[in-house]
Structures are given as structure tokens and as C-alpha cells.
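# quick one, fold the following:
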Amino acid sequence: MAEAEAAAPAPAPAPAPAPAAGGTEFSADQIEDFKEAFGLFDRVGDNQVAFNQVADIMRALGQNPTNKDVHKILGNPSADDMANKRLNFDTFLPMLKEVDTYQKGTYDDYVEGLRVFDKEGNGTVMGAELRIVLSTLGEKMSEPEIDALMTGQEDENGSVHYEAFVKHIMSV
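Numbering: from 1, shown residues only. Alright, predicted model coming up:
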């Protein structure tokens with residue numbers, strides 16, 4: 001058995017992980033901007049933020065993690081920990097780098113997903129149906145979140161032109 005192990009080529013050493021977990025390293029200017037944005041969420045003045053603010057900060061910095069992703073990155077904290085535990089920027093930055101490596105949905109991905117609901121093949125979906133989907137599937141949205149997202153998107157027939165809707169969402 002030892003001979004077989006000795007005869008097998010040793011696996012090549014794994015390359016050292018990139019600082020951004022496979023993504024590109026953030027520039028010094030980006031980090032400074034992130035730090036400034038992070039500071040805006042510090043309501044106590046101790047250079048820390050609550051766990052329950054982490055998802056909002058990441059989204060403010062252009063990421064789009066799910067709440068489940070953020071919960072996992074934070075170590076699956078309890079509801080009490082989410083409300084009461086705090087972290088500093090040096091702890092936050094590696095978490096942001098991890099989220100930055102996640103695959104992002106593209107315009108075409110979202111359009112294709114909404115096309116399933118286009119029963120007439122005319123580039124529209126019923127606004128009422130879209131509201132139901134947003135409130136019941138995946139990471140469920142609240143009524144106020146849906147209302148904010150849907151404002152100005154429905155035409156006089158209650159239809160939503162989903163290609164324009166996706167462009168709207170991706171620009172927000």
C-alpha cells in the first residue's frame with residue numbers, strides 16, 4: 001500500500017487564495033469609500049455596526065446578497081445576536097469580499113425568468129401576478145417593498161413591461 005501511495009504523483013499545491021476569495025482585490029480608494037459608507041451606519045459612534053445592518057450596507061455598496069447569504073456569512077447568528085451583536089470594518093471587509101465573488105444575475109437572466117409569466121407573448125406580465133410572485137417566491141418581499149418597486153411600472157391595463165421593469169430594478 002505504501003508503494004502505491006509513493007508511486008502516485010503528489011497533488012500540486014493549491015495556489016494561495018486570493019485576498020477577495022477568488023475575486024479581484026479592492027483598490028485603496030474603494031476600501032476608503034466602503035469605510036466611509038460603513039461609518040454612515042454606525043449609530044452609536046463606536047466604529048461598529050449591528051449584525052442586522054450588514055445586508056443593508058452591502059446593498060448600499062452595490063452588492064445584492066440574499067438575507068440567507070448574509071446570515072451564513074455572519075455565522076448563522078440568533079435573532080438576538082442579529083439585533084445586539086456588532087462588528088467593526090476590519091471584520092466586515094472580508095465578508096464584503098466574499099459577497100463580491102457571488103455570481104450575479106444578469107439582465108437576460110431576469111428577463112428570461114419573467115418571460116415565463118408572459119402568457120400572451122407580448123412582453124408584459126400582469127402587475128397583480130408579479131406582486132404575488134414577489135411576495136411568495138424566493139426571498140419574499142413585504143407589501144411596502146413591492147409598492148416601492150412597482151411604482152410607475154404598471155400601465156393603464158395593470159400590465160408591466162418586464163424588460164423595462166428589469167432595467168428599472170437593475171438601475172435602482
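# domains for this structure, by residue range?
What the record gives for the chain is the domain set 28-101, 107-171, from the TED database.
# may I see those domains arranged in TSV, with mean neighbour count and mean pLDDT as well?
For glycine as for every other residue, the C-beta is placed from the backbone atoms N, C-alpha and C. As requested, the domains of the chain are exported to TSV (neighbours: other Cβ atoms under 10 Å; pLDDT from 0 to 100):
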stretch	mean neighbour count	mean pLDDT
domain 28-101	15	94
domain 107-171	14	92
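# excluding its backbone neighbours, what's nearest residue 162?
Among residues not flanking residue 162 along the chain, residue 114 sits closest, at 4.0 Å (Cβ to Cβ, 6 or more residues apart in numbering).
# for that neighbour, phi and psi?
The main-chain torsion angles of residue 114 are listed as degrees, to the nearest 10 and equal phi -80, psi -30.
# and the helix or strand where residue 98 lies, what does it pack against?
Per DSSP states H and E: residue 98 is located in helix 89-100. Applying 3 or more Cβ pairs under 8 Å, 6 or more residues apart in numbering; DSSP states H and E, one finds that helix 89-100 makes contact with helix 28-40, helix 54-60, helix 67-73.
# where does residue 117 land in three-state SS?
Under DSSP: H, G, I helix; E, B strand; the rest coil, the three-state class of residue 117 is coil.
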